[in-house]
Structures are given as C-alpha cells and as structure tokens.
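Participant: I would like to see how this sequence folds:
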Amino acid sequence: MDADIYGHREGIRLDERQLSLALGVSRTPIREAMMLLGREGFLRTVPRRGIFIVRKTKKEIVERLRGPGLQRSEPPGAPAGESVAVSVTSSPVSASA
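Facilitator: So this is what the prediction gives:
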C-alpha cells in the first residue's frame, strides 16, 4: 500500500475493504475513521466515485493541529488527566509505508 499522497498527480481513492485487509481490522473501524477524517477535512466523498484523500499543505496541517478542533486523548492505561499531545516540527511532511 503506497502512502505517499504527494507522489501522485491524481487523487488517491481509499478502499475500505483493502484497508481492512491491510490493517487486519474489520471494516467498521475503517468506516468510523473515514467519517471522522471526512469531518476534519482530510478526506472528501465524491458520490458514485468513492472517498479520496485531500492534499493539505504543511501550513494547513499545522493550523489544523493547533486549532480548536484538535482533540486530545488519554492513552489506554494512562493516569487520569494525562493526555497525548501532537509534536509539530519544521521537518518536511513525509509518509512511511
């Protein structure tokens, strides 16, 4: 599965069945994640075509992470009140497969 969304000229269509097999999970959490990413603006749904990754600039990603929509979550087993924070650096955005 190729994860470099900037290495493709055309939009990358996501296939929930393929993601389910690649990640070893059922399709339900894949659908839930896709809905959340769609609400956050990282995916877009095109009727009768599928769900596509929305390319964002580094600036847009940083603004989104710093904005009011960023949700903090507690890792499993962590003491109450201990949350996970996202680290933002000046290094280029890259994907690892």
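
Participant: residues of stretch 32-49 that come out buried?
Facilitator: Across stretch 32-49, burial judged by 16 or more other C-beta atoms under 10 Å covers 33-34, 37, 43. Every C-beta, even on glycine, is put in place using the N, C-alpha and C of the backbone.

Participant: And the furthest pair within the residues you listed?
Facilitator: 33 and 43 (9.2 Å; C-beta to C-beta).

Participant: lowest-confidence helix or strand of the protein?
Facilitator: Ranking every helix and strand in the chain by mean pLDDT, DSSP states H and E puts helix 58-66 at the bottom, with a mean of 82.

Participant: got the residue ranges for the helices in this protein?
Facilitator: 16-23, 27-39, 58-66 (DSSP state H).

Participant: TSV please, covering those and showing distance to residue 48.
Facilitator: TSV is the format used below for the helices of the chain (distance: least, C-beta to C-beta, whole Å):
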stretch	distance to residue 48
helix 16-23	16
helix 27-39	16
helix 58-66	28
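
Participant: Report the contact partners of residue 16.
Facilitator: Contact analysis of residue 16 by C-beta atoms under 8 Å, 6 or more residues apart in numbering lists 27, 30-31, 34, 51.

Participant: and the residues you listed, which are buried?
Facilitator: 30, 34, 51.

Participant: what's the pLDDT at the nearest residue to the first one once chain neighbours are set aside?
Facilitator: Of all residues beyond its chain neighbours, the one nearest residue 30 is residue 16 (4.6 Å), with distances taken as C-beta to C-beta, 6 or more residues apart in numbering. Reading off the confidence values, residue 16 has pLDDT 91.

Participant: circling back: of the contacts of residue 16, closest to residue 65?
Facilitator: residue 34 (19.3 Å).

Participant: thought that closest one was touching residue 51?
Facilitator: Yes: using C-beta atoms under 8 Å, residue 34 is in contact with residue 51, at 5.8 Å.
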